[in-house]
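*Asks:* pasting a predicted model and its sequence here:
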Amino acid sequence: MTTLIATLVAFLALAPAGPAGASGSRLSGAVPSPTAPHRGAVAQNSSDTPTPGRDRAVQAFVEQRAKLRAALTGDPASAPNDAATAASGASLAPTHNFWGIFPQAGTHDGITATHSVDPSYKVSNSQNFTYAPTTKALNSCMEVVTAYWSQGAEIWAWDWCGTSGPAKTVKVDAAFLAKYTTTVNGITSYSVQLSKDATSGNAWSSFLYNYKTQAWESLFRSSGTDQSALNYGWDIFEIYATVNPATGKGYYCTEARSTTFDSTDIKLRRGGAWQLATPTDSPWTSTSPRGSDYLCPSLTFTRAAQNHHWTVHP
């Protein structure tokens, strides 16, 4: 009996503790420490040249961010209801929607997370784009985006303090997977970090974690004024979708059926220390999102931990 009790106590000690009101979050692979060495640089794609496809993806991103800004600043005139417009048949304008967390002002000067990536998910329709997960710190000069579009999957460093476009793109290919991914929660994932530099002014650096060298590699650096004009940061699932007439749903609802969009171990830097995001500093954009608002009724949204882990699945 004594042995049985000791075994039970040991088992309970190892079991993950889930937050109240949310399912437990357990990592099946190691996520990197935010304070691991920072050295080396992520190589730019040699084939990264402007194309009509990427230009459309970039323009869609610009339009989305304008609507996001309008929605968060309470300017309804600049934030049309795309879902309602598309449903009425008055326009073929893609539906734009997003879900995740919004780190608040005064809570951080850096953000880090481990994001899912699926090289097999490819968008067929040139008007459709899935940006998920995508993350930006408050006032940061860049947003790091997992971008799925008609030419495949890429990681973008979007410059918010300069050209207002993808200043650096990295194709999710075999080389990327070998260096920058591991398996977390059973999902192929990469880790990203954005942090304000210890200099005067608004200078920021972004990094990807190289699991081979066990170091954070520089992705992109920029300084200046954050042109997003938003008093929030974010770590979100985001779609820009149109209806497939054959299914009556968004194209991605079928095409991403085997894809899980996941952001885990979301941490904010405050006072030099990295801490998991919390309900206080990083509220959900919505606690009860509906798949129908994303052109995908089967879409599930899981608050897998208290504001530092979310999962979306078609």
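*Replies:* Good, I have the coordinates.
*Asks:* quick one: average pLDDT of stretch 243-255?
*Replies:* Mean per-residue pLDDT for stretch 243-255: 97.
*Asks:* end-to-end on that stretch?
*Replies:* Stretch 243-255 stretches 12 Å from its first residue to its last (C-alpha to C-alpha, to the nearest Å).
*Asks:* buried set for it?
*Replies:* Within stretch 243-255, the residues that qualify as buried are Val243, Asn244, Lys249, Gly250, Tyr251, Tyr252, Cys253, Glu255, counting by 16 or more other C-beta atoms under 10 Å. Yep, even glycine has a C-beta here, placed from its N, CA and C like the rest.
*Asks:* buried stuff in stretch 299-306?
*Replies:* Result for stretch 299-306 [16+ other C-beta under 10 Å]: buried residues Leu299, Phe301, Arg303, Ala304, Ala305, Gln306.
*Asks:* bridging residues for the fifth one?
*Replies:* When you say that, I think you mean Ala305. Following DSSP bridges, Ala305 is listed with bridge partners His309.
*Asks:* ok, Leu268 - how many residues close by?
*Replies:* Close neighbours of Leu268, defined as other C-beta atoms under 10 Å, add up to 28.
*Asks:* same thing with the one 3 residues further on?
*Replies:* Neighbours of Gly271 under the rule other C-beta under 10 Å: 7.
*Asks:* need the per-residue pLDDT for it.
*Replies:* Gly271 is assigned 94 on the pLDDT scale.
*Asks:* any idea how far it lies from Val192?
*Replies:* Here the criterion is C-beta to C-beta, to the nearest Å. By it, Gly271 lies 21 Å from Val192.
*Asks:* for Ser286, give me its contacts.
*Replies:* Trp99 (C-beta atoms under 8 Å, 6 or more residues apart in numbering).
*Asks:* which SS state does it fall under?
*Replies:* Under the three-state scheme (DSSP: H, G, I helix; E, B strand; the rest coil), Ser286 adopts coil.
*Asks:* list phi and psi for it.
*Replies:* Main-chain torsions, Ser286, degrees, to the nearest 10: phi -160, psi 140.
*Asks:* tell me the one of the buried residues of stretch 243-255 nearest Thr264?
*Replies:* Proximity of these to Thr264 (C-beta to C-beta) peaks at Tyr252, which lies at 21.3 Å.
*Asks:* and the closest one, how far from Ala241?
*Replies:* In terms of C-beta to C-beta, Tyr252 sits 6 Å off from Ala241.
*Asks:* same check, this time on Trp216
*Replies:* Trp216 is 33 Å from Ala241, where distance means C-beta to C-beta.
*Asks:* dump the buried residues of stretch 299-306 to TSV, plus distance to Trp158 and pLDDT.
*Replies:* Converted to TSV, these look like this (distance: C-beta to C-beta, whole Å; pLDDT from 0 to 100):
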residue	distance to Trp158	pLDDT
Leu299	25	98
Phe301	24	98
Arg303	26	96
Ala304	26	92
Ala305	27	92
Gln306	28	90
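*Asks:* possible to save these as a markdown table with distance to Phe129?
*Replies:* Below are the buried residues of stretch 299-306 laid out as a markdown table (distance: C-beta to C-beta, whole Å):
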| residue | distance to Phe129 |
| --- | --- |
| Leu299 | 16 |
| Phe301 | 19 |
| Arg303 | 25 |
| Ala304 | 25 |
| Ala305 | 28 |
| Gln306 | 30 |
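*Asks:* what's the closest of those residues to Val184?
*Replies:* Ala304 (11.8 Å).
*Asks:* right, and the closest one touches Val312 too?
*Replies:* No. If you go by C-beta atoms under 8 Å, Ala304 and Val312 don't touch, sitting 10.4 Å apart.
*Asks:* the residue nearest to Pro103 when sequence neighbours are not counted: what's it in contact with?
*Replies:* Distances taken as C-beta to C-beta, 6 or more residues apart in numbering put Gly233 closest to Pro103, at 3.9 Å, once the chain neighbours are dropped. Counting by C-beta under 8 Å, 6+ apart, Gly233 touches Phe102, Pro103, Gln104, His108, Ile111, Thr135, Lys136, Ala137, Leu138, Ser140.
*Asks:* name whatever forms a beta bridge with the third one.
*Replies:* With DSSP bridges applied, Gln104 shows beta-bridge pairing to Tyr232.
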